[in-house]
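1. everything below, folded, please.
(chains A and B)
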Amino acid sequence: MSKPSDLVQGTLDMLILKILALGSLNGWAIGQRLKQISSDVLQVSDGSLYPALHKLEQQGWISAQWKSSANNRRSRFYSVTRLGRKQLEKEADDWTRLSAAISAIVKLEEV
Amino acid sequence: MAIQQWFYALPFRLRSLFSRKELDQELKDELRDHLELQIEENLARGMSAEDARSSALRALGGLTQTEEQCRDARGVNTIQNFSQDLRYGLRQLRRSPGFSALAILCLTLGIGANAAVFSWVEGILVRPYPLVSHQERLAAVAGTVGDERDEMSWPDLLDLQRSCTLCETLFLSSITGATLSIGEHAEVATGSIVSANYFDAIGVHPILGRGFEAGEDTGRNAHPVVVISYHLWQTRFKGDSEIIGKTQHFDNVAHTIIGVAPEWFYGTFVGRSMEFWVPASMAEVFGGKLEDRGARWAEAYVRLKPGVTRNQAQEEISAIAARLQAEYPATNRGRGIKLWPLWQTPFNHAGELLPIFEIMVVVAMFVLLIVCANVSNLLLVRTFARRQEMTVRLAIGAGRGRLLRQLITEGLLLSACGAAGGMLVAYWCRHALVLLFRVRGGKALYLPGQIDGRVLGLSAAICLVVTLAVGLVPAFQTRHLALAETLKTEASAVMGGRGRAWFRSSLVVFQVSLSFILLVGATLLMQSMHKIRSTSPGFSAPRVLDTSIPLAAAGYAAPRARTFQDELIQRVRTLPGVEAAAYARVVPLGYQNYSSTPIAFDGYEPQPNEQPTAEYNEVGPDYFATMGIPLISGREFTRVDDENAPRVAIVNQTMVARYWRGQTPIGQRLQVKGNWVQVVGVAKDSKYYSMDETPRPFFYVPLRQYFAVEPDIHIRTTLPVQAMVAALTREVRALDPGLALYDTIALQEQVDRAISAQLVAVTLVAILGGLALLLASIGLYGLMSYTVSRSSRELGLRMALGAGASKILRMVISRGLALTSGGALLGSLAALALNRSLAGYLYNVSPRDPLAFASGFAVMMFMALTSCLLPAWRATHTDPARALRE
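-> Reported below is the predicted structural model:
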């Protein structure tokens, strides 16, 4: 499975969970939202988005349902499960700790 | 994965597994939906229709790849790959049916042999009693005198029951026999004398009526009640639903039938199925004694409390036995009580079957190993033939892991077929042991194997091990596949060349050495068997017939029985063809117990904790002449030795050596059951219980002075059995038309039965040894024909250069013989190393017996020669021109 090279490994899962935590969306919309929120900094190819979604579903963190959207087309909508929310909290914590540590290191004055 | 996560993931996974098509369709729909949305978006941005579409597709990175990645993410592919491998494997098996059949047959035999042996072990030794609960905590209880085992007395058992705190329960279960007369017909049934707690203790509940109630085992002859077996109920009483409360005579005493045992319950005795159960209070009717602490007839089991080991319980029980010794020195001096694990139960057939199973387990394992080596070898040949295919798969991008999985899947397929066949073999063999044991009157012992969860589990485990063994070997070989080289050309091998062939050769050597060990073992056992057979039992069995007449059941009391016995023996002695005839209460080497008594002598002071006891047989006049037991000195019993004459006895040599220090005892006194009797003769030692027993003190008393209503009659005759039975029946009917004969057997049959355990061991080892030999020869044949076909170029070259057919023949055969001698050499070393453990199973045969080794070697060489002949012959027919052109 190819991972987006410019994305820190494992963060894609967290991002998807975070986006879905705000409301259920279909795959296409998730991709759009990713680009939107990160102001196009994070380029996630559609090709890697879907395998990631299926893996998350497999792990029980998100679930999917076919629903009709506004213009009467049927799409597969994903939403976060209770387990997924827990996972999100955990990953977010980890991320905060890790990024704080890294930025602290980066900001060290060079002698 | 956490349980919680499973809760969410499981439905999804199950769907992935079972509704694959549906999910695939959903995936396609989802991606199409995505494309449509993206195309709309692109169109809205002002792209042309064509650009909008191709841009959307590009962004997705190829529809098929993305689909595939999604499937991978769902973990569906593992299962799909497996089913693909499985289908491919099946196709492979179908494509070479000869190979598949041979491999599966080998595995069936190997796994089947193991499954059968384990089902016997399970059904006969580990959990021998169907329906009985918690057998893992049961232990057999028996008395000991010094190192010898003895039965126990009922009062001792009751004391044990009261005092043993580590035992959950103790119950009596003594085998007995009784004559049942129903209408005109009389027959003998085997049953158990049990304590009142018996059915509750073993957790078996009668399907009709009730079990025994507390207190029904107390009071002499106070409770004539009986529980009958399902089988007896169905056959004798035609399944009468009103049976409860009816009376039935057992040994001429009316018993009320109070219960019918469940269908699959056979009692607690390895080797026989019980037909009835009576409470201990009725012991006297069935040969026991209720209140006499010195009368030892009882056999019992305890169930230990959970968590208590046998050793802990033994310590407590030994202390109780010591207390009993102190309290009752007259009867209990020198007597201990011992616990035995169920599989060594001394008072049924478990103990004598144990050594057979020990041998069988080892031998079956050997066969399995040989089978694995054989099938690995077969698979290797095939892998070699499939090198091209494997290489192509590697070249177009299959991972080595995937190839490995393919090979293991094929191995699993083979071993699963083998295991399925093996279970069938085990199922068919459940009752096979019975066929090997013949008992009096053609009645078989009851020795079923049991195929339960544990046997199935074990077979599955064997199947997995086999899979790994046979699957990994070729996988290990494909490791060396070099792409370019293999694709280019099929390299040709050289006779006796080194290279990779060493591995296959060593597999064959391994097989040969294992089968050599089995061969030597089988030969040694056969020699031992021969020794046992040619050992004299101390009496002359041929031409002696033995039967008895159910006088007790016919209501004969002692005086009438005496008259009948006298008249009958007079008539029998005058029959043409009869050389001698005599009565005796017990037939040697049978299941009946001899009477046993404490003994005392003039001039013999026993040690402080010694209580001399001996067993004896009650025999009539002419017994020694009839049986052919030589008298060393003194005289035989005669008609004069009746109830009015002074009591006399004849003792055996061992008794003389032990208690009279070899002095002649004739005229000396011997105390039997408190009465002094005079020794009038010394008989040669003979075998009493088993053929390989050590000599024991034993004596004989006149039947008339120690009367039994229903002794066996022994007849030495030149007539065949049928004619003798007819003549005897005529004489019996002449005296009393209402009487019939019990089964008649030749004494020789009894002797044969006594060695049947050894006979079974020899037969089974010989069968499996032959099987091993066959497998080894198949292995050698396979290797040799393979080598010949692979080195046809070299052979062709040699022939072109002038090598004659005989030279080629010699070359091939000598290579086969070299492998075989190597294997046989290794096998002999291993067999010599094993000899200590083998010695215990052999009777008067050295485990290093050179004859066994030599004959094993000869058979092995002959096998090698025959399996090399065909490949060698084929080698000489190599066409040089063609071989060189190819």
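2. who in chain A is up against chain B?
-> Residues of chain A found near chain B (CB under 8 Å from any CB of the partner chain) are A:1-2, A:26-28, A:45-48, A:50-52, A:54-55, A:57-61, A:63, A:66, A:73-76, A:81, A:83. All C-beta spots, glycine's among them, are computed from the backbone N, C-alpha and C.
3. give me the neighbour count for B:Gln750.
-> Using other CB atoms under 10 Å in any protein chain shown, B:Gln750 has 19 other residues around it.
4. ok, B:Ala858 next?
-> A count of nearby residues for B:Ala858, using other CB under 10 Å, gives 12.
5. got it, and B:Asp29?
-> B:Asp29: 14 neighbours (other CB under 10 Å).
6. can you flag the buried ones in the residues of chain A next to chain B?
-> Buried members of those, scored by 16 or more other CB atoms under 10 Å in any protein chain shown, are A:26-28, A:45-48, A:50-52, A:54-55, A:57-61, A:63, A:75-76, A:81, A:83.
7. in helices only, show me the residues of chain A next to chain B.
-> Those of the residues of chain A next to chain B mapping onto helices are A:27-28, A:46-48, A:50-52, A:54-55, A:57-58, A:83, per DSSP state H.
8. just the CA trace of stretch B:521-529, in CSV.
-> Below are the C-alpha coordinates for stretch B:521-529, written out as CSV (Å, rounded to 0.1, in the frame of the first residue of the first chain):
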residue,chain,number,x,y,z
GLY,B,521,12.5,-55.8,17.4
ALA,B,522,9.8,-57.9,15.8
THR,B,523,12.3,-60.8,15.4
LEU,B,524,13.3,-60.5,19.0
LEU,B,525,9.7,-60.5,20.2
MET,B,526,9.0,-63.6,18.0
GLN,B,527,12.0,-65.4,19.5
SER,B,528,10.8,-64.4,23.0
MET,B,529,7.3,-65.6,22.0
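9. what average pLDDT does it get?
-> If you average the pLDDT over stretch B:521-529, you get 87.
10. next: stretch B:217-229.
-> Rounded mean pLDDT across stretch B:217-229 is 91.
11. in it, what counts as buried?
-> So for stretch B:217-229, counting by 16+ other CB under 10 Å, buried means B:Asp217, B:His223, B:Pro224, B:Val225, B:Val226, B:Val227, B:Ile228, B:Ser229.
12. out of those residues, which comes closest to chain A?
-> Taking CB to the nearest CB as the measure, chain A lies nearest B:Ser229 of these, at 57.3 Å.
13. so who does that closest one touch?
-> Residues in contact with B:Ser229, defined by CB atoms under 8 Å, 6 or more residues apart in numbering or on different chains, are B:Val260, B:Ala261, B:Phe265, B:Tyr266, B:Gly267, B:Ser273, B:Met274, B:Glu275, B:Phe276.
14. check what pLDDT residue 70 gets.
-> All of this is about chain A. pLDDT, A:Ala70: 68.
15. wrong chain, I was asking about chain B
-> Among the per-residue scores, B:Cys70 holds a pLDDT of 81.
16. same question, the one 3 residues further on
-> The confidence metric pLDDT takes the value 75 at B:Ala73.
17. low-scoring stretches of the chain, by residue?
-> Since you didn't name a chain, this refers to chain A. A:1-10, A:39-40, A:42-43, A:70, A:110-111 (pLDDT under 70).
18. that's the wrong chain, I meant chain B
-> Using pLDDT under 70, chain B drops low at B:1-9, B:12-13, B:16-17, B:75-78, B:181-188, B:435-445, B:477-501, B:553, B:591, B:886.
19. report the contact partners of the closest residue to B:Gly191 other than its chain neighbours.
-> Using CB to CB, 6 or more residues apart in numbering or on different chains and skipping the chain neighbours, the partner closest in space to B:Gly191 is B:Phe276 (3.8 Å). Going by CB under 8 Å, 6+ apart, B:Phe276 touches B:Ala178, B:Ala189, B:Gly191, B:Ser192, B:Val226, B:Val227, B:Ile228, B:Ser229, B:Leu232, B:Phe250.
20. B:Ser596 now?
-> Applying CB under 8 Å, 6+ apart, the residues near B:Ser596 are B:Asp150, B:Glu151, B:Arg296, B:Thr613, B:Ala614, B:Glu615, B:Tyr616.
21. so who does the fourth one touch?
-> Right, B:Thr613. By CB under 8 Å, 6+ apart, the neighbours of B:Thr613 are B:Val145, B:Asp150, B:Ser596, B:Thr597, B:Pro598, B:Ile599.
22. in three-state terms, label the third one for me.
-> The reference is to B:Ser596. The local conformation at B:Ser596, judged by DSSP: H, G, I helix; E, B strand; the rest coil, is strand.
23. is it bridged to anything, and to what?
-> For B:Ser596, the beta-bridge partners are B:Glu615 (DSSP bridges).
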